[in-house]
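J.: I'd like to go over a predicted model; first the sequence, then the structure.
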Amino acid sequence: MSPDGTTQAGGFAPGPANGAANWWLACRIGRHLCALPSASVVETMRPLPLQAMARAPRFVAGVSIVRGAPVPVVDAAALFGESATDARRLVIVRVAGRTIALRVDSVLGLRDMPGETLSELPPLLRQANADIVSAIGLLDAELLLFLRAARLVPEETADSEGGQAK
């Protein structure tokens with residue numbers, strides 16, 4: 001981890017030399033544990049100052065300056081119709097060449113999730129608020145595709161994979 005609290009996604013854990021691992025970033029969002037496709041994750045960091053945006057959809061917390069550029073910050077708790085939490089981490093993702101920050105409660109680290117495990121996990125958006133999902137789809141189809149790839153992870157699965165809720 002660097003002195004400014006950032007962590008490069010590739011720095012969590014090296015993958016096997018043959019590239020067979022299927023790495024996912026485990027995060028806590030409110031009472032939900034989820035896995036985000038790590039191929040799109042750029043880095044994680046502490047929350048940065050946030051500038052509210054007039055007329056922004058309710059899932060957009062505002063804009064932060066990340067590495068000198070304005071980046072929209074999506075409050076991941078809003079996906080589940082939950083009030084904004086005191087998110088302690090930002091997960092910076094690259095979606096269709098654009099950078100987006102997701103506010104999450106905590107980042108638990110990278111997990112190697114075999115294909116058979118992934119196929120058994122429900123999609124993140126299964127429990128998401130339908131109105132929020134529709135709004136995201138209207139405004140940003142690529143972000144919606146990224147979120148559709150994300151998975152909900154049962155606590156017992158996280159524990160068996162070496163993850164602990166934090």
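T.: Nice, thanks for sending it over.

J.: show me where the chain has its helices.
T.: 115-120, 130-139, 141-149, 155-160 (DSSP state H).

J.: return the most buried member of the ones you listed.
T.: Mean neighbour count (mean count of other Cβ atoms under 10 Å) peaks for helix 141-149 among the helices of the chain, with a mean of 17. C-beta: built from backbone N, CA, C; applies to glycine.

J.: can I get the CA coordinates of it in PDB?
T.: This file holds the C-alpha atoms of helix 141-149, laid out as PDB (Å, rounded to 0.1, in the frame of the first residue of the first chain):
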ATOM      1  CA  ALA A 141     -25.000   0.900 -20.200                       C
ATOM      2  CA  GLU A 142     -21.300  -0.100 -19.800                       C
ATOM      3  CA  LEU A 143     -21.500   0.500 -16.000                       C
ATOM      4  CA  LEU A 144     -24.600  -1.700 -15.900                       C
ATOM      5  CA  LEU A 145     -22.700  -4.500 -17.700                       C
ATOM      6  CA  PHE A 146     -19.900  -4.300 -15.200                       C
ATOM      7  CA  LEU A 147     -22.400  -4.500 -12.300                       C
ATOM      8  CA  ARG A 148     -24.200  -7.400 -13.900                       C
ATOM      9  CA  ALA A 149     -20.900  -9.300 -13.900                       C
END
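
J.: show me the contact partners of it.
T.: 36-37, 40, 74, 79, 93, 95-96, 98, 100, 123-125, 128, 133, 136-137 (Cβ atoms under 8 Å, 6 or more residues apart in numbering).
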